[in-house]
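Q: Structure of the sequence below:
(chains A and B)
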Amino acid sequence: MSSVVDFHNVVAVAGGFPVLAGLDIEITKGEIVQLRGSNGAGKTSFLRVCAGLIPISDGDANVLGFDLRDDRRSPRRYIGLLGHDNHLYTDLWVREHMEFRAAATGAEAGDADAALRRLGVTDRLWSVPIERLSAGQRRRVSIASMLVGRPQLWLLDEPHAALDHEGRELLDEILLDAASSGATVVFASHERDLSTSIASRVVTLRGGRLSEDSGVA
Amino acid sequence: MLREALLVARKDLRVEWRSKVTIGHVAPLALLVLVVFAFAFDANAGLLEFGAGGLYWVAVLFGGTLLIQRAFDVETEDGNFDAFRMSAIGAPSLFLGKSLGVFIQVVFLELILGPGVVLLYNVRIDDWVLLLASALGGTLAFSVCGVLCGVMAAGLRVRATLLPLLLVPVLAPVLLAGSRAFETAFGLRAEAGWTWASLMFVIAAVHTAVGVRAFGFLLEEG
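A: Now for the predicted structure:
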């Protein structure tokens, strides 16, 4: 199994505070890993370090074969990141936003339409400004933006937030499909019942370190 | 690189088209600045005419700063700055695209301010070619310098106040050169206006070269 995320004794500092304090973890291709931990445990920071948004101060960190000490930008083209925010241009119409995201990742406009349909965002919403959408609809558009880029590594922070029951099931389905087609999924979630059902592995962080690891299922 | 830059510029202009910030807020505000100056110097028409070039560029600076602020606000709201940094689009293309988007919006602003200066300050244009070349050079320099300063301030909470603080010193030579070139174009000064116009193109070229190379670093450190 090839390693997608390989951290050895990784220390990362953000705003003068050590957000990762000697983290060791290896995640292999096709895994669906759920990150758990109390607030401030380092879940979000771990995802941001994987995305190259927070530099590492010490240790060895490889993501998708790229050494993050040397190059934090290159792996990003293969990564989809969904944070607490939705990363949407709220002034644009849904379709305009999706067309931009598709073109920015080299996908076709048709791929954007397909991603929206997959997320259950119906045609009647495509010509609506994003700012007029509900929180759940925005989350769906945000996930569709990720989907259109066909990332090899999905990094999601509380992805089920704001989604209704149907939306949560749909998201789980999409993540399972992504993993079965060879992508790797890492998501932070507090919601045990819903998300544990799709996770092949549950990792608990505490104080920026690995606390528990269920191991590969 | 060009295709990606055009993609970014088109997106920015589309955001502007949907939000109508330039048309609805920035242009009227910049025009008001010209009107306020017209009232302030009303008692001395000669002074107003002589200072018309400088006042024009001050109004452009005022409105343009808001446009640059806005260009980066759309990248920071809703956590978009992460998406901007995560983008598969190369940093040089992001820089050129943002600069092109700002350039087109500032040109639109100047199309409103230009006639405003002629009408309110009673200036006569002697050299149209110099005037247009100076406006082009100044706008190019303003756009690239503005985007460079904009990305430096973008990731910070104090960006609204930091941006003008960064921008004004960097743009001071552009404002000076633009004012001098306009004074020559208005027939108020016998100096070689083309030298000042050329200086603005040089500033634009230097900052474009710096931006293409440094934008990625500034984006990461922002």
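
Q: Now for residue 210, how many residues are close by?
A: Answering for chain A, as no chain was given. A:Leu210: 17 surrounding residues under other CB atoms under 10 Å in any protein chain shown. The C-beta positions use only the backbone N, C-alpha and C, and glycine is treated the same way.

Q: The chain in question should be chain B.
A: Neighbour tally, B:Val210, other CB under 10 Å: 15.

Q: quick one: it and B:Cys149 touch, right?
A: No. Look at B:Val210 against B:Cys149 with CB atoms under 8 Å: they stay out of range, at 11.6 Å.

Q: what's near enough to touch residue 207?
A: Using chain A. Going by CB atoms under 8 Å, 6 or more residues apart in numbering or on different chains, A:Gly207 touches A:21, A:41-42.

Q: looking at chain B here, not the other one
A: So B:His207 contacts B:141, B:144-145, B:148 (CB under 8 Å, 6+ apart).

Q: 10 Å instead?
A: B:99, B:140-149, B:170, B:174, B:214 (CB atoms under 10 Å, 6 or more residues apart in numbering or on different chains).

Q: need those residues in CSV with neighbour count and pLDDT, can you?
A: CSV is the format used below for these (neighbours: other CB atoms under 10 Å in any protein chain shown; pLDDT from 0 to 100):
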residue, neighbour count, pLDDT
B:Ser99, 30, 96
B:Leu140, 22, 96
B:Ala141, 27, 95
B:Phe142, 32, 94
B:Ser143, 28, 95
B:Val144, 27, 95
B:Cys145, 26, 94
B:Gly146, 29, 93
B:Val147, 29, 94
B:Leu148, 23, 91
B:Cys149, 25, 90
B:Val170, 16, 91
B:Val174, 25, 93
B:Ala214, 17, 89
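
Q: Check whether B:Lys11 really touches A:Ala104, as I assumed.
A: Yes. With contact defined as CB atoms under 10 Å, B:Lys11 reaches A:Ala104; the gap is 8.5 Å.

Q: May I ask you to name the longest helix in chain B?
A: If you go by DSSP state H, chain B has its longest helix at helix B:91-121.

Q: Could you do chain A as well?
A: As assigned by DSSP H, the longest helix anywhere in chain A is helix A:165-180.

Q: what's the average pLDDT for it?
A: Averaged over helix A:165-180, pLDDT sits at 89.

Q: The very next helix or strand once past that helix near chain B anywhere?
A: Later in the chain than helix A:165-180, the nearest helix or strand by DSSP states H and E is strand A:184-188. No. Counting by CB under 10 Å from any CB of the partner chain, chain B has no neighbours in strand A:184-188; the shortest distance is 14.9 Å.

Q: If I take strand A:184-188 and helix A:165-180, what angle do their directions form?
A: 140 degrees (axes from the mean of the first three to the mean of the last three CA atoms, to 10 degrees).

Q: which other helices and strands contact strand A:184-188?
A: Strand A:184-188 sits against strand A:3-14, strand A:17-28, strand A:32-36, helix A:43-50, strand A:79-82, strand A:153-157, helix A:165-180, strand A:201-206, with contacts defined as 3 or more CB pairs under 10 Å, 6 or more residues apart in numbering or on different chains; DSSP states H and E.

Q: For B:Ala38, which non-adjacent residue is spatially closest?
A: The shortest distance from B:Ala38 to any residue other than its chain neighbours is 4.3 Å, reached at B:Leu120 (CB to CB, 6 or more residues apart in numbering or on different chains).

Q: Pretty sure A:Gly149 sits against A:His87.
A: No. A:Gly149 lies out of contact with A:His87 (CB under 10 Å); the separation is 11.7 Å.

Q: which residues are common contacts for the two?
A: Taking CB under 10 Å, 6+ apart as the contact rule, A:Gly149 and A:His87 both touch A:101, B:86.

Q: what is the mean pLDDT for the helix or strand hosting A:Glu212?
A: Per DSSP H and E: A:Glu212 is located in strand A:209-213. Across strand A:209-213, the average pLDDT comes to 83.

Q: Model confidence for the residue of chain B found nearest chain A, exactly?
A: Closest contact between chain B and chain A, by CB to the nearest CB, is at B:Gly79 (2.6 Å). For B:Gly79, the model assigns a pLDDT of 79.

Q: does the nearest residue to it once chain neighbours are set aside count as helix, strand or coil?
A: The shortest distance from B:Gly79 to any non-neighbouring residue, by CB to CB, 6+ apart, is to A:Asp85 (2.6 Å). Assigned state for A:Asp85: coil (three-state reduction, DSSP: H, G, I helix; E, B strand; the rest coil).

Q: Quick check, A:Asp85 in contact with A:Thr44.
A: No. The pair A:Asp85 / A:Thr44 is not scored as a contact, 11.4 Å apart, by CB under 10 Å.

Q: hang on, the earlier thing: counting by contacts, list what the strand holding A:Glu212 packs against.
A: Contact here means 3+ CB pairs under 10 Å, 6+ apart; on that basis strand A:209-213 packs against strand A:3-14, strand A:17-28, strand A:32-36, strand A:201-206.

Q: Just tell me which of these ends up closest to B:Phe182.
A: Closest to B:Phe182 of the helices and strands packed on strand A:209-213, according to CB to CB: strand A:3-14, at 47.3 Å.

Q: List the neighbouring strands of that closest one plus their orientation.
A: Neighbouring strands of strand A:3-14 in its sheet, by DSSP bridges, are strand A:17-28 (antiparallel), strand A:56-63 (antiparallel).

Q: Buried residues of it, list them for me.
A: Buried residues in strand A:3-14, counted by 16 or more other CB atoms under 10 Å in any protein chain shown: A:4-7, A:10-14.

Q: Looking at it now, give me its mean pLDDT.
A: For strand A:3-14, mean pLDDT is 90.

Q: what's the angle from it to helix A:43-50?
A: Using the same axes, to 10 degrees: strand A:3-14 against helix A:43-50 is 110 degrees.

Q: How far does stretch A:126-142 sit from its chain's centre?
A: Computed by CA atoms, centre = their mean, to the nearest Å, the chain-centroid distance of stretch A:126-142 equals 19 Å.

Q: Next, the buried residues of the longest helix of chain A.
A: Buried residues in helix A:165-180 (16+ other CB under 10 Å): A:167-168, A:170-172, A:174-175, A:178-179.

Q: ok, is it in contact with chain B or not?
A: No. Figure legend: helix A:165-180 not in contact with chain B (CB under 10 Å from any CB); closest approach 17.3 Å.

Q: Sweet, I'm off.
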